[in-house]
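Asks: sequence unknown, structure follows:
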């Protein structure tokens, strides 16, 4: 039995569909943020912060009695992927789609705001609608915002839907939950020459070929192993598409992925050493992009989520290994909060995240509203009606 009425579920579902039609990608979420702030105002939030870390929105629901701050976080951004769908609420923005479920995550938190018409007995709840999660930049920008101390939490929770697991199952894992990752861009410059006399130039081609073989070889172990590392070649470009020029410029991109931040530092050093070894005669520029810290779930916060899930008769999946994919929620836990991410089943035969035919399952809206309100009640209690 959910705390939401049928009418509230219907309205939240309609809102999710409206957000799905008009996705905005990382750093461009202005219209989405404005709609969220409008909904929070209508739901009676005690205070609303706008433009948080970019286009982020935060809302406070406070008790009369002092107590801890519990932050619930979701994401505003969609993806630069063409949606392939015949759904009536399919994306109306060419080349962009809510193909990770952030539209559903947002509406789940608005469901929590609906339930917080009865305030907590003590402390306060902060609902954070974070920008730019997909690039790994959003959580850092929020924490770097000078207003962050006004909302800095004692406890923080978030969730992500997980296709391939039973619908509504609550996946939990204390310790490492999502891998750290970062993109490595390697720009190589030699000297171009006429294709008839390549010896008069300096091509990055041989160094690129060596890097494309060696960088993936930095991978080690299996997920769950503390030494796990994955190095994935994602892009390569050599010169221009001509026949008369021996190239002078090249580019290689690789994504590095580890279970812990310490292991990532070692992997970065190994990757840089390989570049130094293979590219000694070339001019080299290395830059780093989409930097995600690992999500390390606090044991006590995870246990709170487990107790709530069991009290609501939700199936609980004790995850044996972390998720390979990354999530920038790790920065919020790294800032001192007792933080936990929940990994919630989206259906065993559901399209995968970032697939062009993915759509968030609406049935999760009341489930996650109830879960988050249960966590709030567990930590802060609830004022009498």
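Replies: Good, I have the coordinates. Note that the structure is predicted; figures quoted are calculated from it, not measured.
Asks: what secondary structure does residue 74 sit in?
Replies: At residue 74 the chain is in strand, as set by DSSP: H, G, I helix; E, B strand; the rest coil.
Asks: least trustworthy helix or strand in the protein by mean pLDDT?
Replies: Within the chain, no helix or strand scores below helix 330-334, which has a mean of 92 by mean pLDDT, DSSP states H and E.
Asks: Tell me which residues of that helix come out buried.
Replies: Buried residues in helix 330-334, counted by 16 or more other Cβ atoms under 10 Å: 330, 331, 332, 333, 334. In short, each C-beta sits where N, CA and C put it, glycine included.
Asks: and after it, which helix or strand comes next?
Replies: The helix or strand immediately downstream of helix 330-334 is strand 338-345, counting by DSSP states H and E.
Asks: what's the following helix or strand after that next one?
Replies: helix 364-380.
Asks: Okay, angle between that next one and strand 338-345 too, please.
Replies: Helix 364-380 and strand 338-345 are oriented at 160 degrees to each other (axes from the mean of the first three to the mean of the last three Cα atoms, to 10 degrees).
Asks: Output the contacting helices and strands for helix 364-380.
Replies: On a contact count with 3 or more Cβ pairs under 8 Å, 6 or more residues apart in numbering; DSSP states H and E, helix 364-380 meets helix 6-21, strand 65-75, helix 102-115, strand 122-130, strand 155-162, helix 299-311, strand 338-345.
Asks: which residues touch the fifth one?
Replies: The reference is to strand 155-162. 68-74, 101, 104-105, 108, 171, 301, 304-305, 323, 327, 329, 332-333, 337-346, 353, 360-361, 364, 368, 371-372, 375, 379 (Cβ atoms under 8 Å, 6 or more residues apart in numbering).
Asks: Now with 6 Å, please.
Replies: 70-73, 101, 301, 329, 332, 337-346, 368, 375, 379 (Cβ atoms under 6 Å, 6 or more residues apart in numbering).
Asks: Report the next helix or strand after that strand in sequence order.
Replies: strand 170-172.
Asks: Which neighbouring elements make contact with that next one?
Replies: helix 299-311, strand 338-345 (3 or more Cβ pairs under 6 Å, 6 or more residues apart in numbering; DSSP states H and E).
Asks: Would you map out the domains in this protein?
Replies: Following automatic domain parsing, one finds the domains of the chain at 6-177+294-380, 180-292.
Asks: quick one: contacts for the nearest residue to residue 179 once chain neighbours are set aside?
Replies: Once flanking residues are discounted, residue 179 sits nearest to residue 257: 5.0 Å by Cβ to Cβ, 6 or more residues apart in numbering. Contacts here follow Cβ under 6 Å, 6+ apart; on that basis residue 257 touches 179, 181, 230.
Asks: can you pick the most crowded of those?
Replies: residue 179 (27 neighbours; other Cβ atoms under 10 Å).
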